[in-house]
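Novice: output the structure for:
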Amino acid sequence: MSFFSTRGGACVTASQSILWGLAQDGGLYVPSMFPQISIERLTAFQQDSYQQRAARVLRDFLEDYAITEIETAVNSAYAIPAFDDPSIAPVKQLDTGTYVLELFHGPTLAFKDIALSLLPHLVTQAAQKNGEDREISILAATSGDTGKAALEGFKDVSGTSCAIFYPHGRVSPIQQLQMTTTGGSNTHVIGVKGNFDDTQRIIKRLLSSDAFRQKMNRLGKLPSSANSINFGRLIPQVVYYFTAYTDLVNARALRMGQPVNFVVPTGNFGDILAGYYAKRMGLPIGRLICASNRNSVLTDFFTDGTYYTHRAFFQTMSPSMDILVSSNLERLLYESTDRDPALVKTWMNLLAECGSFSIGAQRLIDLQKTFWAGFADDMMTAEEIRTVYERKRYLFDPHTAVASHVLDQYRSQTNDHTLAVLVATASPYKFSDHVLASLRGKKSVKYTNVFDCAEALQEYTRMAMPKQISELKTLPVLHETVCEKSDMESALLQKY
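Specialist: Residues are numbered from 1 along each chain as shown. As a prediction, the model looks like this:
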């Protein structure tokens, strides 16, 4: 299968799209077609393990990878004890008609583990296929969870290095500690005085810059990305929509072929785009419900068809969604234009130069047939955490709580009570201060240390603290670099 740039400037293989990350014209790689998984093929998934299902989905896209290579990669990536649940992404019932897809059972307690445990295998295989003997230098901006997951995935992987830029002071204390305590001889972590959009914009500019590539080449390095702009990050996420569906059929919550809705908390639009790809491949998805926090740029886009970034930026209790420029929306726009790269390029130029673009009434109507969007501010999010815990004894992290609140909005406004799956993106212990304050009230939480908050949360809920959190307390901070956003390139090059 070939891969094209959303802006028209490339035609590459699957391994090349994964190796290079971003097209040189600044566009994102997209598959030339969506392979179809029929109901008959989906039925065959029912008896498979997560690893077997993943291999079946991946091999339809990764045609220049041998089936044995894909099977080896998924079996290595999704193994116990790296994932503490043998089903990798278990589906649990919350109430009648609502289930939770738990994506936080990996080594860093976030959904990014699903893709970033696999990506290093795909990248190193891609380098071999394309005769690339330079070090693959992975660069990524993170709003909180991608950073640690990428560092963990690429740590000490031969022939690679991994440099992570995070918005200093704008991620949770646990997220920051997870990154800055990472070991490994090939890992680098740099705080940036700015927000995620600042870091993401500069990383994309560097990856599409000939001058930067030449500098890296002289150092014997090939820059690539671990953000979801890399197709190798996106395609493993498609898998868990299929596994969730077949698990629900196995549990007799659904009949094979019956539609299901997915509710996805999202900022950069990668996780929900994976659901859209699954739908295009034939998975019986009714609606994809896009859940945002107070930075509701996506909610507004799916409401009026205008994407507008010249607006206030809010730092919220769900920091992984504190994003105004949702990179993966470009891939959806490409499909909404019947794959017109010239129009996509025009919109992306307008976004860069003017801060907004509009897609027109008819395209909006077409998108609204699949997508519905809502948002929750911090007060709503805290109330959702408390209410769901008190009524159902299920503990949400702040991002998943946003999704739960938006699902209630959706059902109230549409009267659509199709079985729905909340995509749970992180462990509540990654945000123990906010979760504890939501349960007990801010005034009753006097802890200033995040580990005291985590211990208090464990005592209050009797929900065991993950060892990944308790172990952080004694790990030394190994990465202390903080730079201005204008100095990101020089800060990176100094690491080499």
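Novice: tell me where the stretch 351-496 of the chain has helices.
Specialist: 361-368, 378-392, 398-414, 432-440, 450-461, 467-470, 488-495 (DSSP state H, counting those that start in this stretch).
Novice: so which of these gets nearest Ser49?
Specialist: Among the helices of the stretch 351-496 of the chain, helix 467-470 comes nearest to Ser49, with 23.9 Å by CB to CB. Where C-beta positions appear, they are placed from N, C-alpha and C, glycine not excepted.
Novice: picking up where we left off before, quick one: which of the helices of the stretch 351-496 of the chain is nearest Ala312?
Specialist: Ala312 lies closest to helix 378-392 among these, at 14.2 Å (CB to CB).
Novice: give the buried residues for the closest one.
Specialist: Neighbour-count burial for helix 378-392, counted by 16 or more other CB atoms under 10 Å, picks out Asp378, Met380, Thr381, Ala382, Glu384, Ile385, Arg386, Thr387, Val388, Tyr389.
Novice: just list the residues touching the nearest residue to the first one once chain neighbours are set aside, thanks.
Specialist: With sequence-adjacent residues excluded and distances taken as CB to CB, 6 or more residues apart in numbering, Asp378 is closest to Met317, at 5.0 Å. With contacts taken as CB atoms under 8 Å, 6 or more residues apart in numbering, Met317 has the following neighbours: Asn293, Asp378, Thr381, Ala382, Pro398, Phe431, His434.
Novice: so how far is His434 from the first one?
Specialist: Translated: Asn293. For Asn293, the distance to His434 equals 12 Å [CB to CB, to the nearest Å].
Novice: next: the fourth one.
Specialist: For Ala382, the distance to His434 (CB to CB) stands at 7 Å.
Novice: of Asn293 and His434, who's got more company?
Specialist: Between Asn293 and His434, counted using other CB atoms under 10 Å, Asn293 has the larger neighbour count: 29 against 25.
Novice: quick check on the more buried one: phi, psi?
Specialist: phi -90, psi -160 (degrees, to the nearest 10).
Novice: that one: what's it in contact with?
Specialist: With CB under 8 Å, 6+ apart, Asn293 has these contacts: 265, 267, 314, 316-318, 321-322, 375-378, 381, 399, 402.
Novice: from the residues you listed, which is closest to Leu493?
Specialist: Looking across the contacts of Asn293 and measuring by CB to CB, the closest to Leu493 is Asp322, at 27.6 Å.
Novice: show me the contacts for that closest one.
Specialist: Ser143, Arg170, Asn195, Phe196, Gly267, Asn293, Asn295, Phe313, Phe314, Gln315, Thr316.
Novice: and what of Gly257?
Specialist: Gly257 makes contact with Ile39, Pro284, according to CB under 8 Å, 6+ apart.
Novice: host element of it?
Specialist: Assessed by DSSP states H and E, Gly257 sits outside every helix and strand.
Novice: list the buried ones in stretch 216-235?
Specialist: Buried, per 16+ other CB under 10 Å, within stretch 216-235: 216, 221-235.
Novice: what does stretch 440-451 give?
Specialist: Val445, Tyr447, Val450, Phe451.
Novice: tell me where the stretch 1-150 of the chain has strands.
Specialist: Taking DSSP state E, counting those that start in this stretch as the criterion, the stretch 1-150 of the chain carries its strands at 3-5, 11-12, 29-31, 91-95, 98-102, 135-141.
Novice: output the ones you listed in a markdown table; the columns should cover mean neighbour count.
Specialist: Formatted as a markdown table, those follow (neighbours: other CB atoms under 10 Å):
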| stretch | mean neighbour count |
| --- | --- |
| strand 3-5 | 22 |
| strand 11-12 | 16 |
| strand 29-31 | 23 |
| strand 91-95 | 15 |
| strand 98-102 | 22 |
| strand 135-141 | 25 |
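Novice: as a markdown table, those strands with mean pLDDT and distance to Leu439 would be great.
Specialist: Below are the strands of the stretch 1-150 of the chain laid out as a markdown table (pLDDT from 0 to 100; distance: least, CB to CB, whole Å):
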| stretch | mean pLDDT | distance to Leu439 |
| --- | --- | --- |
| strand 3-5 | 97 | 46 |
| strand 11-12 | 94 | 49 |
| strand 29-31 | 97 | 42 |
| strand 91-95 | 98 | 17 |
| strand 98-102 | 98 | 18 |
| strand 135-141 | 96 | 32 |
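Novice: I'd like to know which of those lies nearest to Gly286.
Specialist: strand 98-102 (14.0 Å).
Novice: by contact count, what packs against that closest one?
Specialist: Judged by 3 or more CB pairs under 8 Å, 6 or more residues apart in numbering; DSSP states H and E, the packing partners of strand 98-102 are strand 91-95, helix 231-250, strand 420-424.
Novice: between those, which gets nearest to Asp210?
Specialist: helix 231-250 (21.8 Å).
Novice: report the angle between that closest one and strand 91-95.
Specialist: 60 degrees (axes from the mean of the first three to the mean of the last three CA atoms, to 10 degrees).
Novice: give me the buried positions along helix 231-250.
Specialist: Those would be 231-249, for helix 231-250 by 16+ other CB under 10 Å.
Novice: go on, stretch 28-46?
Specialist: For stretch 28-46, by 16+ other CB under 10 Å, it's Leu28, Tyr29, Val30, Pro31, Phe34, Ile37, Leu42, Phe45.
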